[in-house]
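*Asks:* Could you work out the structure for the sequence below:
(2 chains)
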Amino acid sequence: AQKVTQAQTEISVVEKEDVTLDCVYETRDTTYYLFWYKQPPSGELVFLIRRNSFDEQNEISGRYSWNFQKSTSSFNFTITASQVVDSAVYFCALRRGGSNYKLTFGKGTLLTVNP
Amino acid sequence: DGGITQSPKYLFRKEGQNVTLSCEQNLNHDAMYWYRQDPGQGLRLIYYSQIVNDFQKGDIAEGYSVSREKKESFPLTVTSAQKNPTAFYLCASSKGDTGGTSLSNQPQHFGDGTRLSIL
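*Replies:* Prediction:
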């Protein structure tokens, strides 16, 4: 069975602070894919990043960076110099390889960035 | 612009009534999905369809039904058998397998959601 755990239910920071959202996953598959999505108050989920299980390179995109470590089954997300517009619920998700399209989501982390 | 359109944005259901949520996409995606979101529960998969005229149950399919008669459309019916329908419903789509090559790493793209409540 697959499982995604986002232990932080809510995080509150002040603008310009750095913040890291944790994601720990469980799977018995050797090939799998990890995703992060952002859900602003409007409700739509916005795709942020995809990572393959065989590619452990960390990635940086502007103020966003992701740290994938298979040894600890973690795929953490860091926002540098946070802004008020970053306030949203962030979901980590896991999908098996092959033709099974099912995504397993974590319960999400509500990030509030205060001015 | 390509995207996923869900309607209506808000929907109210009376006791014993079936209601249908619309989901249309013009992304030419093969696969479509319905999720239910409850506070503190994350997203749970209701049904998904990998190709026209075919669909599979997800983790919480009881009380729901779907159809996939057209590639662009994947409506979800919340039946009277669903005793706790109040939730936020999200539709998604993604590219599917083509020519034997798995594209299951393709991200799912989501609509804006429909919020269903009981009157």
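*Asks:* what about the residue nearest in space to the middle of chain B, distance to B:T114?
*Replies:* Residue closest to the mean C-alpha point of chain B, counted by Cα atoms, centre = their mean, is B:W34 at 2.3 Å. Counting by Cβ to Cβ, to the nearest Å, the separation of B:W34 from B:T114 is 10 Å. All C-beta atoms are positioned from the backbone trio N, CA, C, and that covers glycine.
*Asks:* Identify the contacts common to these two.
*Replies:* Residues touching both B:W34 and B:T114 by Cβ atoms under 8 Å, 6 or more residues apart in numbering or on different chains: B:L21, B:Y89.
*Asks:* got the contact list for the residue nearest to the centre of chain B?
*Replies:* B:21, B:23, B:45-48, B:58, B:64, B:66, B:74, B:76, B:89-92.
*Asks:* Keep only those of those that are also close to chain A.
*Replies:* B:L45, B:Y48, B:G58, B:L90, B:A92 (Cβ under 8 Å from any Cβ of the partner chain).
*Asks:* want to throw the residues you listed into a markdown table with neighbour count?
*Replies:* Putting the ones next to chain A among the contacts of B:W34 into a markdown table (neighbours: other Cβ atoms under 10 Å in any protein chain shown) gives the following:
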| residue | neighbour count |
| --- | --- |
| B:L45 | 21 |
| B:Y48 | 27 |
| B:G58 | 19 |
| B:L90 | 26 |
| B:A92 | 28 |
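*Asks:* from the chain's centre, how far out does stretch B:8-16 sit?
*Replies:* 16 Å (Cα atoms, centre = their mean, to the nearest Å).
*Asks:* Burial check on B:K14, number of neighbours?
*Replies:* Residues near B:K14, counting by other Cβ atoms under 10 Å in any protein chain shown, number 9.
*Asks:* my guess is it contacts B:S117, does it?
*Replies:* No - B:K14 sits out of contact with B:S117 when judged by Cβ atoms under 8 Å, with a separation of 10.8 Å.
*Asks:* Would you mind naming what in chain A lies close to chain B?
*Replies:* Proximity of chain A to chain B (Cβ under 8 Å from any Cβ) is limited to residues A:9, A:33, A:35, A:37, A:42-47, A:50, A:52, A:91, A:95-103, A:105-108.
*Asks:* And those residues, which of them are buried?
*Replies:* Buried by 16 or more other Cβ atoms under 10 Å in any protein chain shown: A:33, A:35, A:37, A:43-45, A:47, A:50, A:91, A:95-97, A:101-103, A:105-108, out of these.
*Asks:* residue boundaries of the strands in chain A?
*Replies:* Using DSSP state E, the strands of chain A run over A:3-5, A:10-14, A:19-21, A:24-26, A:32-39, A:46-52, A:59-61, A:64-69, A:74-79, A:88-96, A:103-105, A:109-114.
*Asks:* looking at these, which one has the lowest mean pLDDT?
*Replies:* Sorting the strands of chain A by mean pLDDT places strand A:59-61 lowest, at a mean of 84.
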